[in-house]
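In: Have a look at this fold, sequence not included:
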């Protein structure tokens, strides 16, 4: 792909010293580099309560166990999210209830979510879509009012802040992703942030329910350990942590670049028949979008539809994606839960024209201008003046 949809801010020159350390220290799996990565991540997120894991999906699985949710409990989540948010709930035996999205922010509608609450509801899993914060104080109040566990699927929202705070400050559990396309990648990886009273249980659940991990047992400790609970095999490795460490120092700088590129898109596309994601109404100057994705939705009355634009992108070897295929569209989800598009009018309207444009720190202005020009040409609009 000439202009890819996503490109990690990573080079061999930056990563190789860390990978050499991971090999030379003899650990390969969870060891000193994971400890170093965790410390850096904790500093960035302004918390001491971080557990690194093998993926955001694993983080969600562990969180559902740590939250003591039981089979048959209901959990509310948005219709516009990746399948992992739903599948982890299904695998835990929970009953998912889907909320429609807000027509402007494309995040879960709190009004839609509250209407789904029943006597069996035990948790909300909210997703800051594309890195856009929900109205966090209102969401937190909603969860507290109904005595619900609030879980954030922050796969898109590592840098997102609301009223000056990282989003995890408003939730019981927050799950982060370091997948290959994320703003910070370990190739595969994730993390959980939770309250101090839950941290040891979460840490044990991430590795077979062991009371002490291998690093603690073999690095000068005792060989004896206990299995305190049935757990998962979801530990991060030194190899993966090394990849993350190679980017961690430049995370804020890379975020600033994403913000600047997103602003260029917003200015250049403002006169086109497309909708762009709006920030939550009550976001203050101390709040920031992570800009993991730059999504648009092409108006139904535009001169070209999404498929025509995608064809033009393919012809010019420019990357794109669609975030997301709504959960109610999948055959297995329909079979298991009977969700119907008619119950999600705002998501259906957004999805009909949804398209994600290339956005990453090394995207040049010339490359971005080419994306913009092609989108304008596809929609038969002259260049903005």
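Out: Done, it's in. Keep in mind that this is a model prediction, so the values were computed, not measured.

In: all strands of the protein, in order?
Out: Assigned by DSSP state E, the chain shows strands spanning 50-53, 74-78, 95-99, 121-126, 149-154, 161-162, 165-166, 173-177, 190-194, 274-276, 294-298, 354-357.

In: Now render these as JSON lines, adding mean neighbour count and mean pLDDT.
Out: Glycine gets a C-beta too; all of them are placed from N, C-alpha and C. Converted to JSON lines, these look like this (neighbours: other Cβ atoms under 10 Å; pLDDT from 0 to 100):
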{"stretch": "strand 50-53", "mean neighbour count": "26", "mean pLDDT": "98"}
{"stretch": "strand 74-78", "mean neighbour count": "26", "mean pLDDT": "99"}
{"stretch": "strand 95-99", "mean neighbour count": "21", "mean pLDDT": "98"}
{"stretch": "strand 121-126", "mean neighbour count": "24", "mean pLDDT": "99"}
{"stretch": "strand 149-154", "mean neighbour count": "26", "mean pLDDT": "99"}
{"stretch": "strand 161-162", "mean neighbour count": "22", "mean pLDDT": "96"}
{"stretch": "strand 165-166", "mean neighbour count": "18", "mean pLDDT": "97"}
{"stretch": "strand 173-177", "mean neighbour count": "28", "mean pLDDT": "99"}
{"stretch": "strand 190-194", "mean neighbour count": "28", "mean pLDDT": "99"}
{"stretch": "strand 274-276", "mean neighbour count": "18", "mean pLDDT": "98"}
{"stretch": "strand 294-298", "mean neighbour count": "22", "mean pLDDT": "98"}
{"stretch": "strand 354-357", "mean neighbour count": "21", "mean pLDDT": "98"}
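
In: tell me the residue furthest from the middle of the protein?
Out: Using Cα atoms, centre = their mean, the residue of the chain lying farthest from its centre is residue 222. It sits 37.7 Å away.

In: Tell me the pLDDT of that one.
Out: According to the prediction, residue 222 has pLDDT 76.

In: circling back: can I get the strands of the chain in TSV with distance to residue 210?
Out: Shown next, in TSV, are those (distance: least, Cβ to Cβ, whole Å):
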stretch	distance to residue 210
strand 50-53	13
strand 74-78	27
strand 95-99	30
strand 121-126	26
strand 149-154	24
strand 161-162	34
strand 165-166	29
strand 173-177	20
strand 190-194	16
strand 274-276	47
strand 294-298	41
strand 354-357	40
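
In: among those strands, which is nearest residue 133?
Out: In terms of Cβ to Cβ, the element of the strands of the chain nearest to residue 133 is strand 161-162, at 4.3 Å.

In: what's next to the closest one, contact-wise?
Out: 133, 136, 137, 167, 170, 280, 283, 286, 287, 288 (Cβ atoms under 8 Å, 6 or more residues apart in numbering).

In: Can I get the residues you listed in JSON lines including pLDDT and distance to residue 17?
Out: Conversion of the contacts of strand 161-162 to JSON lines gives the following (pLDDT from 0 to 100; distance: Cβ to Cβ, whole Å):
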{"residue": "133", "pLDDT": "97", "distance to residue 17": "35"}
{"residue": "136", "pLDDT": "96", "distance to residue 17": "38"}
{"residue": "137", "pLDDT": "96", "distance to residue 17": "43"}
{"residue": "167", "pLDDT": "98", "distance to residue 17": "32"}
{"residue": "170", "pLDDT": "98", "distance to residue 17": "37"}
{"residue": "280", "pLDDT": "84", "distance to residue 17": "40"}
{"residue": "283", "pLDDT": "66", "distance to residue 17": "39"}
{"residue": "286", "pLDDT": "73", "distance to residue 17": "36"}
{"residue": "287", "pLDDT": "87", "distance to residue 17": "36"}
{"residue": "288", "pLDDT": "94", "distance to residue 17": "31"}
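
In: which of those residues are buried?
Out: 133, 136, 167, 170, 280, 283, 287, 288 (16 or more other Cβ atoms under 10 Å).

In: In terms of secondary structure, what does the longest helix anywhere in the chain contact?
Out: Longest helix of the chain, by residue count under DSSP state H: helix 251-268. Applying 3 or more Cβ pairs under 8 Å, 6 or more residues apart in numbering; DSSP states H and E, one finds that helix 251-268 contacts strand 294-298, helix 365-378.

In: Please state the offset of it from the chain centre?
Out: A distance of 18 Å separates the centroid of the chain from that of helix 251-268, by Cα atoms, centre = their mean, to the nearest Å.
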